[in-house]
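Undergrad: Build the 3D model from these lines:
(one chain, ligands or ions: 4)
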Amino acid sequence: MKKLIKNGIIVTAADTYKADILVEEEQIAAIGCNLPEEGAEIVDAKGCYVFPGGIDPHTHLDMPFGGTVTKDDFESGTMAAAFGGTTTVIDFCLTEKGKPLKDAIQTWHEKSRDKAVIDYSFHLMISEINEDVLGELPAVINEEGISSFKVFMAYKNVFQADDETLFRTLLTAKELGGLVMVHAENGDVIDYLTKKALAEGKTDPIYHALTRPPEVEGEATGRAAQLTGLAGSQLYVVHVSCADAVEKIAEARSKGFDVWGETCPQYLVLDQTYLEKPDFEGAKYVWSPPLRDKKHQDVLWNALKTGVLQTLGSDQCSFDFKGQKDLGKEDFTKIPNGGPIIEDRLSILFSEGVKKGRISLNQFVDMTSTKTAKLFGLYPKKGTIAVGSDADLVLFDPAAERTISAETHHMAVDYNAFEGLQVTGEPVSVLSRGEFVVRDKQFAGRAGRGQYQKRAKYGELLDTSENPKISI
Ligand code: URP
Ligand code: ZN
Ligand code: ZN
Ligand code: ZN
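TA: Ligands and ions are numbered 1, 2, ... in the order given. Next up, the predicted model:
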């Protein structure tokens, strides 16, 4: 089946122009004016921008964490993502020490295979480096197409890896062509500060933020960046929340280190005072790193604008307020960390970023899709609008006004972190590999239609026999 998307304004990371798009089967077959209408379903995109489908590089779907499991799984999570204009997610596959990596990957395939509405891929968590892990990693990259590895510098006694593990992961990634991702907070210092707070009877949600101050994020970010420089490797810092971490990334980049940074919508529009909400409501905003003083927001926006940070992830990790967040009613350390963010990533960046003149329209596309595709080996199959690319497309009405609310969202969770936020701009229809998954704001997809995406090595193009290098 052919589709001809007419009258829209195409926006890529590089250009904004008026042209029509011919979709044949799963891919973009032609871009131009006066394309033949014969045999094609006409899709009118008048008044809309046409963006490449969003790529969310940071989700936790169906993930066991904090004594419970995230509320959104691959079905509800990817459906909500689709409504928000995201057509690919890269989820974090957790591993367990002493167990084969391939078992963990198998578990994640089982969680996603019959459920995903949109395409998906996995990053792999590395918690130890030993002969078994080193033996498995070449197949992880070359056969599973997993070219990014996550190291946690926080969550002591749960996920936290030591510096030797981080350094050896950096060295291995350099050799094999992987990108190392870090959750950069100093877990040892946080562990001390939380124990001290609890001993002093400080149990409310706000102490989650007060026991993980910006300095512990800045310190860990600087440490990871320095080790990356020493290893001559490549690093991607997830969920950057504060000026302290931005400074360390800027410093590393100015030295020529291959260091990249992601922030998330929550850090751009919410602040630490949300954790002080009465009646335990602050628990809704407990995630790590925590929300910061408002002054950090300008620094994050500026870092996005100037390219010190390059991508926007959601860090989707949702737990119900009732029945999950309240595990920590008497003790903030027992509140499951994470929030429901996957659905409104594009809307918030467009409304708060583009509409308010903080970033350009083309930067918006780069941050929500193109740069992520390049960094994580999905480009040019995903991440752009070009002949031969997957027809992952978002018809986005830049004038639509909407108030974000749990009453209208599509996530399975019982609250929305952005409740009441007014946004301008909304996805109207979303295509994934040429099929509508959202049409005129109605769900048109199907669980299980999403396909697993093998990714190229760091800095290489996908789907070419010689894998030529790309500059990211
Ligand atoms: O609090 C958060 N961010 N939960 C998800 C796990 C992580 O650290 O990314
Ligand atoms: Zn067809
Ligand atoms: Zn994290
Ligand atoms: Zn995360």
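Undergrad: Skipping adjacent residues, who's closest to the residue of the stretch 1-150 of the chain found nearest ligand 1 in space?
TA: Closest approach between the stretch 1-150 of the chain and ligand 1, counting by Cβ to the nearest ligand atom: residue 60, at 5.1 Å. Where C-beta positions appear, they are placed from N, C-alpha and C, glycine not excepted. Distances taken as Cβ to Cβ, 6 or more residues apart in numbering put residue 317 closest to residue 60, at 4.0 Å, once the chain neighbours are dropped.
Undergrad: Which helix or strand lies directly C-terminal to the lengthiest helix in the chain?
TA: Selection of the longest helix in the chain by residue count, based on DSSP state H, yields helix 214-231. Once helix 214-231 ends, the next helix or strand along the chain (criterion: DSSP states H and E) is strand 234-237.
Undergrad: per-residue pLDDT, residue 464?
TA: Confidence at residue 464, expressed as pLDDT, is 60.
Undergrad: any weak-confidence spans in this protein?
TA: 464-467 (pLDDT under 70).
Undergrad: how about the helices in it?
TA: 74-83, 101-112, 131-142, 163-176, 187-199, 206-210, 214-231, 243-254, 265-269, 295-306, 345-348, 361-365, 371-375.
Undergrad: hmm, back to that, for the residue of the stretch 1-150 of the chain closest to ligand 1, which residues are in contact?
TA: The contact partners of residue 60, by Cβ atoms under 8 Å, 6 or more residues apart in numbering, come to 70, 91, 92, 315, 316, 317, 338.
Undergrad: same thing but at 6 Å, please
TA: 70, 92, 317 (Cβ atoms under 6 Å, 6 or more residues apart in numbering).
Undergrad: Please identify which of the residues you listed is nearest to residue 166.
TA: residue 92 (16.3 Å; Cβ to Cβ).
Undergrad: And for the residue nearest to residue 60, the neighbour number?
TA: 26 (other Cβ atoms under 10 Å).
Undergrad: just to revisit the earlier point, and the helices of the chain, which is most packed in?
TA: helix 74-83 (a mean of 28; mean count of other Cβ atoms under 10 Å).
Undergrad: Ligand 1 contacts on the chain?
TA: 60, 183, 287, 288, 315, 317, 337, 338 (Cβ under 6 Å from any ligand atom).
Undergrad: The fifth one: neighbouring residues, count only.
TA: Other residues near residue 315 come to 29 when the count uses other Cβ under 10 Å.
Undergrad: now do the last one
TA: Number of residues near residue 338 (other Cβ under 10 Å) recorded here: 23.
Undergrad: For it, which non-adjacent residue is spatially closest?
TA: In space, residue 338 is closest to residue 317, 2.7 Å off (Cβ to Cβ, 6+ apart).
Undergrad: do the same with the fourth one
TA: The spatially closest residue to residue 288, leaving aside those adjacent along the chain, is residue 337, at 5.0 Å (Cβ to Cβ, 6+ apart).
Undergrad: Could you check how far that neighbour is from residue 122?
TA: 20 Å (Cβ to Cβ, to the nearest Å).
Undergrad: Can you pick out the residue with more neighbours from those two?
TA: residue 122 (25 against 21).
Undergrad: Which residue does the stretch 101-250 of the chain have closest to ligand 1?
TA: For the stretch 101-250 of the chain, Cβ to the nearest ligand atom, closest residue to ligand 1: residue 183, 4.9 Å.
Undergrad: which residues touch that residue?
TA: Residue 183 neighbours (Cβ under 6 Å, 6+ apart): 152, 154, 238.
Undergrad: that older thread, show me the contacts for the residue nearest to residue 338.
TA: 60, 70, 338.
Undergrad: One more pass at 10 Å, please.
TA: Residues near residue 317 by Cβ atoms under 10 Å, 6 or more residues apart in numbering: 58-61, 63, 65-66, 70-72, 77, 92, 287-288, 336-342.
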